[in-house]
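**Student:** take a look and give me a structure for this.
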Amino acid sequence: MKKINILILLFLFVLSAIQAIEVTKLTCEMSVSPLAIVTGNPRFGWQMTSTEQEAMQTAYELEIKSPRIKYTTSKIKSNKSQLVLYTGKAFTSGEKYSWRVRVWDEKDKATGWSPWAEFRLAPEKTYLDAQWIGAIRSEDAKIPAGKRFMSSEMGTPEYKALWKNIDTLSQKSIYLRKSVNIKKQITEATAYVCGLGHYEFSLNGVKVGDAEFAPFWSDYEKTVYYNTFDITSLLRKGENVAGVLLGNGFYNQQGGAGRYSKLKVSFGAPTLFIKMNIRYSDGTSQEIRSDKTWKYALSPITFNSIYGGEDYDARLDQQGWNAPGFNDKSWHNVVIQTPPAGQLTPQQAAPVKIMEHYGIKSVKKLTRQETDSASLKTKRTIDPSAFVLDMGQNLSGFPEITVRGKKGDKITLVVAEALTPEGAANQNQTGRQHYYQYTLKGGEEETWHPRFSYYGFRYIQVEGAVLKGDENPNQLPLLKVIKSCFVYNSAEQTSSFECSNTIFNNAHRLILKAVESNMQAVFTDCPHREKLAWLEEVHLNGPVLMYNYNLSTFMPKVMQDMADSQLPNGIVTTIAPMYNIFGTSKGFDEFGDSPEWGSTLMILPWLYLDFYGDSTLIKSYYKNMHRYVDYLTTRAENNILSFGLGDWYDYGNFRAGYSRNTPVPLVATAYYYYDLTLMAKAAALIGNKTDEKKYQQLSQDVRNSFNTKFFNKETKQYGTGSQTAYALAVYLNIVEPEDRQAVLDNLVKDIKAHGNRLTTGDIGNRYLFQTLAQNGLNDLMYKMQNHEEAPGYGFQLKFGATTLTEQWDPRMGSSWNHFMMGQIDEWFFASLAGIQTNTNKPGFQHLVIRPEVTGDMTFVKASYETLYGKVSVDWKREDKNFTLKINIPVNCTADVYLPGEKEAKTVNGGNYTFRNEK
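**Tutor:** Predicted coordinates for the structure are as follows:
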């Protein structure tokens, strides 16, 4: 009996010890274990899981420590579990700290402490005192460092002569190395590295990190990013060698003869900055800097261009160059270079990496007749040995090969997203010539992929090799393995979506692959022809991007790019970073200055607030926003703007390009009004009453002028009566309340008059989709999208696209890897799944679940990983029975609206099932 009582007591003790809430996923400044945060008063966050329904946090306690300090907040009554501001004494720059948290639930029961997490502060700018080193000074190479060229200048004799006279050493990829002897026991070691344009950093022959194309692209005259590494485990007693491989990137885009080059810009010759700090167990430390004691040699990369491709001669390999024991007597002493003008800044966002691999789906051997014919079309002589591999997926990246062959054999890889009629790689619409060439060193198997160039492609044309098992009368190298490396930003994916409609499922996949292909150091428009950060995509697809990826650390970088590119008069250029100037000596043309593009500066901070509950971007860039709307005001005549690209790529029986369906002044002025309303809101948020009143009045003046200029009171028509004109007026609340329904009716009539098809373009799509979704017209939206004709996602799928294309009909040319038309994905999540933020309480701690049952759809399953945890929705419709299953994260609340019901059911975190008849 005594034993039984003891067992019962033990069971009760264990049962009481089981915690209803468990704290997980600790973040500092919205990153897991960041290595270089820039504030001494950071914000902390954590997620929670629970075995119980409706579990809520009512209080928390933080504990923070380092070898020098120990700090606790004590118990703080609050349900806040994200962006929790540390208000104690500011932390020390360059130091590493550990922290943990425990919380109290709604019953005032404390959890156990979470596991320890870490964060490190970036060092003071004065600490980063290393020198910039390389092979040649920009001044000696005669580089026009930092000069941006106008589109009208390109191709002139003066332009060509300028680039021709530059010393070619400044274009070369180089190795740099430094040997260091370590005699003590290491406790901690950190490296701060910036290699421009791009670099690979290694210690003792091992690559440090797994990033590609580091550091991020930027306007190098304003901001220069560096990366931070914990290198403790890579160092040892004795000789240690730091090695760096440098390439050009956008920092030094000089191009090359016979290779594609969208533009030329150079901020200087390849250059390295590095500082390592090593701490020893005896309390001492050692610092290693880039300085004149480093040495360099030319690398085996004989050509590298972000636009033109890359060549590698493996015969020039220097085995062990970045490892101990190497003899570098034949190497050259580095030169001290002029530092780039930009401010050295720690990179906060996730790096670009090789994220996926794709293998061969099919092979086509080109006949001699086909190679001869295709050579004329591609303006390049195709080797008779050529065969073309379909890798099954259009993507951004490069091929990787494993080969065996003779010394001096050359393999050429031509990549493309399209094929000629003969079946050869076709770069006609994406920028030619771009290719990779590898020269074998011979002997053993050799594995290689490019380091400093990438392209958008699905197909790989191989010349100078044979596949395993093929006839090989010319004794060409044997290509044992080849794969496509899909390279994109490693921001965490935060979504899932599946429904009963096959077109929608596949459209979602197309959009994500296009987004990923263009999610690099910036959001590019396409991964081949331009690789430039056209800004309109970021705000028009902002919800799409933030539903699908955690961009809490990436979007601030986009804002900084815009601030860096903003001109003294307030212009926000269409591209940021701005590497070339669209226009003439008289000023920017519509491709350089367009309100629909520049307004990303105004709109993005509010989208960021909606998704992450963080108003930092509004506060930090308030002055930039102020300057931009004031610039627009200087361009307005009677409150009307009349410049820009308007509804670019709108749809009709014409080749897409300039806006045809909607007047440019209507679109530009609608954005002007939108920007003014956001400026007034920003002023209210920061407490600037003067600005708030000023911009509220100006926005009302612009609204009145817009309606006077573009609205026909009798016919209720805006402008030309286009879908974009109606949608902008309704979505932005420009239309007067008494005219709203009539304008909506006109929009519906126009859609039906076009056979339930859209006529909007790049700008109008989102406003059309959301106007329908927010005004009870989801059935019409469904009809407009559920088909296999152009314009529509189904046509692209029917065509065989694996990424979203620039034009609704891919056969019309242009890029086959653009995400600018991806706005339907917002509808998938916000409407079909019904996962929405509460606009009065942004950030998804207080959210809305409002699924729309439309068309013949029978189910939707979707999830979104908020900062607080995963929200999931799973609804089914069978006859008239509707079932909704949801999961709401711990410490969150949701207002749940069932189809056909106006009253919400409010729930706390947990799993719930709802049923009704529809």
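
**Student:** from here on, just use CA atoms for contacts and neighbour counts.
**Tutor:** Noted.

**Student:** give the contact list for S31.
**Tutor:** Counting by CA atoms under 8 Å, 6 or more residues apart in numbering, S31 touches T553.

**Student:** for it, give me phi and psi.
**Tutor:** When read as degrees, to the nearest 10, the backbone of S31 gives phi -130, psi 150.

**Student:** bridging residues for V896?
**Tutor:** For V896, the beta-bridge partners are I849, K905 (DSSP bridges).

**Student:** that one reaches V848, doesn't it?
**Tutor:** Yes: checked against CA atoms under 8 Å, the pair V896 and V848 is within contact range at 6.0 Å.

**Student:** what residues of the biggest strand by length in the chain count as buried?
**Tutor:** Determined from DSSP state E, the single longest strand within the chain is strand 387-404. By 16 or more other CA atoms under 10 Å, the buried positions in strand 387-404 come out as 387-401, 403-404.

**Student:** so what are the sheet partners of it and their directions?
**Tutor:** Strand 387-404 has these strand partners (DSSP bridges): strand 362-365 (antiparallel), strand 446-448 (antiparallel), strand 455-463 (antiparallel), strand 478-489 (antiparallel).

**Student:** following element in sequence after it, please.
**Tutor:** Using DSSP states H and E, the helix or strand that directly follows strand 387-404 along the chain is strand 410-416.

**Student:** list the pairing partners of that next one within its sheet, with orientation.
**Tutor:** strand 435-439 (antiparallel), strand 455-463 (antiparallel).

**Student:** where's W217, which helix or strand?
**Tutor:** Residue-wise, W217 maps onto no helix or strand under DSSP H and E.

**Student:** so it makes contact with V522?
**Tutor:** Yes: at 7.3 Å, W217 counts as touching V522 under the criterion of CA under 8 Å.

**Student:** give me the pLDDT for the residue most central in space within the chain.
**Tutor:** In the chain, the centroid-proximal residue (CA atoms, centre = their mean) is M519; its distance is 3.5 Å. In this prediction, M519 carries a pLDDT score of 98.

**Student:** and for Q461, the neighbour number?
**Tutor:** 25 (other CA atoms under 10 Å).

**Student:** correction: the previous question concerned Q836.
**Tutor:** 23.

**Student:** so which helix or strand takes in it?
**Tutor:** Element membership for Q836, per DSSP H and E: strand 835-837.

**Student:** counting contacts, what elements does that strand pack onto?
**Tutor:** strand 846-849 (3 or more CA pairs under 8 Å, 6 or more residues apart in numbering; DSSP states H and E).

**Student:** doesn't A130 belong to a strand?
**Tutor:** No: A130 is assigned coil when assessed by DSSP: H, G, I helix; E, B strand; the rest coil, not a strand.

**Student:** does it touch T293 like I think?
**Tutor:** No: with contacts counted by CA under 8 Å, A130 stays clear of T293, the gap being 11.9 Å.

**Student:** between those two, who's got more neighbours?
**Tutor:** Applying other CA under 10 Å to A130 and T293 shows that A130 carries more neighbours, namely 18 against 13.

**Student:** show the pLDDT at the more buried one.
**Tutor:** 97.

**Student:** okay, helices next: where are they in the stretch 551-700 of the chain?
**Tutor:** According to DSSP state H, counting those that start in this stretch, the stretch 551-700 of the chain carries its helices in the segments 555-565, 595-598, 600-612, 616-620, 622-635, 664-686, 689-710.

**Student:** contact partners of stretch 819-831?
**Tutor:** For stretch 819-831, the surrounding residues in contact (CA under 8 Å, 6+ apart) are 497, 508, 511, 514-515, 518, 525, 537, 540-541, 543-544, 547, 762, 765-766, 769-770, 773, 804-806, 835-836, 850-852, 862.

**Student:** also stretch 637-644?
**Tutor:** Taking CA under 8 Å, 6+ apart as the rule, stretch 637-644 contacts 590-591, 593-596, 632-633, 635-636, 664-666, 668-669, 672, 701-702, 705-706.

**Student:** buried members of those into PyMOL, please.
**Tutor:** Restricted to buried positions by 16+ other CA under 10 Å, the PyMOL selection for the contacts of stretch 637-644 reads:
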select buried, resi 590+591+593+594+595+596+632+633+636+664+665+666+668+669+672+702+705+706
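
**Student:** hang on, I503 packs against Y793?
**Tutor:** Yes: if you go by CA under 8 Å, I503 and Y793 touch, sitting 7.3 Å apart.

**Student:** which residues sit in contact with Y225?
**Tutor:** Counting by CA under 8 Å, 6+ apart, Y225 makes contact with 194, 215-218, 344-347.
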